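**Q** Requesting a structural model of the entry that follows:
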Amino acid sequence: MLKILYQSFVALLAVLALPFAVHAQANFRPGYIVALKGDTLRGSVDYGSGNRSAYECRFRADNAAAIEKLLPNQLQGYGFPHDRFYQSRRVPAQNPAADTTSERLFLEVLVQGPASLYYLSDINSGNHYYFRSGNSPVQPLVQLSENVTINGSKYTRKNPLFRIALAEAFQACPAVHSKVSELPFASSSLIRIFQQYNACVGGSQIVSAVANAKQRSYFLLEAVAGAQASSLRFDGEIPMKNTPISGGIRPVVGLALQQYLPVWANRFGVRIELLYQTQQYSNEFFAPSAYAYAAYQEVRIKFDQLRVPVLFRYMPLNGRFQPFIEAGVSVAFALNSSNEYRYRAQPTSTYSPWRPILESPRGSEESVLAGLGASALLPNKRHLTAEFRAERTNGFSEAVAITTIINRAYLLLSYDLIKSR
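**A** Okay, the predicted model is just below:
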């Protein structure tokens, strides 16, 4: 059963990703380019991500026009209304083996003003921040990790070189300058202090819509539906110990509230769900040591639960198609439950009456869980998400001599009930 769910997840994920793989090179949206002479031309621009956005701009004047690939030395910049915009700037070369010490790239503008903040996401070397004060050249903002040995023990410490650069640049505003020494190397913190400095020195500034979003968390409410398969195992002083009892495939429905955190471009999120699910377990097995005579035992267990998983989710990529991994804990509360067994001794065919396996089963269940999946942003600004999740619980026994372990696998689909920002 678990294998069937996982194979279904792989097939579903492939179907979900196929349109994005096919159109990965042609994600055109309404946008504009700024020519070297300052003229603005409107049309459609490829909404790429990572390296591609930095090294080229793909533009077409209309849907019937040919696609032009424009390099940073051919434009002042490009952008998308009420969204991201990029400027062509010269920065230190990304490739240490390059023949030149600098190169011209399209940098995403987070804050533009007397002091400007830029961002570059590189698939190989991670996230980079740059700044420019007045008409000075663009400089990198860097925090290094260094390995040090203190009293024979090895440690990794941060060397916040970016604070030195900003302390020099922000001398015109003592109120902001004093905050630099404690400034975290985080997107939201950098955006905020650049806004504060520009407001302090009295210059006009532009803050991109993406930068505003990176400074705040936001929520999405989702409907959740899918299926789960589970396997129950008893251990301890009980005849059916170590006998796996399959629960089959059962439906799961519920709601989820996901909060995207203003950390590293909203790539982290906290998710809480309220799920309704049922489990039914049944098995018949031979138990030669249960009684003085050999016997067959039949088990049937059923319970309905409200489950509340709390998950921490990480999304390594930005864009319309976002893979993710997640982990967390869960607690479930039984709404209805029954656990029974009966037996028949050989060679008879008559069963005994049904009896409780556990007289007082626990009313709650705790678990740990982990999962992986992907989310696709649809044209209607809502996410469709598919995920495979594995869970291990402590079951329903609170008897000292008897333990229960339940392993579950989920295949879940989620859909936004409100539009994504």
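**Q** ok, and the closest non-adjacent residue to Gly226?
**A** Nearest residue to Gly226, sequence neighbours excluded (CB to CB, 6 or more residues apart in numbering): Leu412, at 3.7 Å. Yep, even glycine has a C-beta here, placed from its N, CA and C like the rest.
**Q** scratch that, Leu417
**A** Leu221 (4.7 Å).
**Q** Counting neighbours, what do you get for that neighbour?
**A** Using other CB atoms under 10 Å, Leu221 has 11 neighbouring residues.
**Q** in the sheet, who's paired with it?
**A** Counting by DSSP bridges, Leu221 is bridged to Leu257.
**Q** which other helices and strands contact the longest strand along the chain?
**A** The longest strand of the chain (DSSP state E) is strand 321-345. If you count contacts as 3 or more CB pairs under 8 Å, 6 or more residues apart in numbering; DSSP states H and E, strand 321-345 packs onto helix 2-22, strand 268-287, strand 295-314, strand 355-356, strand 364-377, strand 383-393.
**Q** Quick one: closest of those to Ala401.
**A** Ala401 lies closest to strand 355-356 among those, at 15.2 Å (CB to CB).
**Q** what about the residue lying closest to Asp62 once chain neighbours are set aside, which SS state?
**A** By the measure of CB to CB, 6+ apart, the closest residue to Asp62 outside its immediate chain neighbours is Gly43, 6.2 Å from it. Using DSSP: H, G, I helix; E, B strand; the rest coil, the structure places Gly43 in strand.
**Q** who's in contact with Gly43?
**A** Under the criterion of CB atoms under 8 Å, 6 or more residues apart in numbering, the neighbours of Gly43 are Pro30, Gly31, Tyr32, Ile33, Phe59, Arg60, Ala61, Asp62, Ala65.
**Q** let's see it at 7 Å
**A** Counting by CB atoms under 7 Å, 6 or more residues apart in numbering, Gly43 touches Phe59, Arg60, Ala61, Asp62.
**Q** remind me which residues of the protein are low pLDDT?
**A** Of all residues in the chain, those with pLDDT under 70 make up the ranges 1-26, 49-50, 94-100, 123-125, 209-218, 262-266, 287-294, 318-319, 419-421.
**Q** and if we set it to 50?
**A** The chain contains residues with pLDDT under 50 at 20-25, 290-291.
**Q** Could I get the full set of helices for the stretch 1-150 of the chain?
**A** For the stretch 1-150 of the chain, the helices defined by DSSP state H, counting those that start in this stretch occupy 2-22, 51-55.
**Q** Can you tell me which of the helices and strands packed on strand 321-345 is packed in deepest?
**A** Mean neighbour count (mean count of other CB atoms under 10 Å) peaks for strand 383-393 among the helices and strands packed on strand 321-345, with a mean of 20.
**Q** still on that earlier bit, now the stretch of helix or strand the residue nearest to Gly226 belongs to, how far from the centre of its chain.
**A** Assigned by DSSP states H and E, Leu412 falls within strand 402-416. With CA atoms, centre = their mean, to the nearest Å as the basis, strand 402-416 stands 19 Å off its chain's centre.
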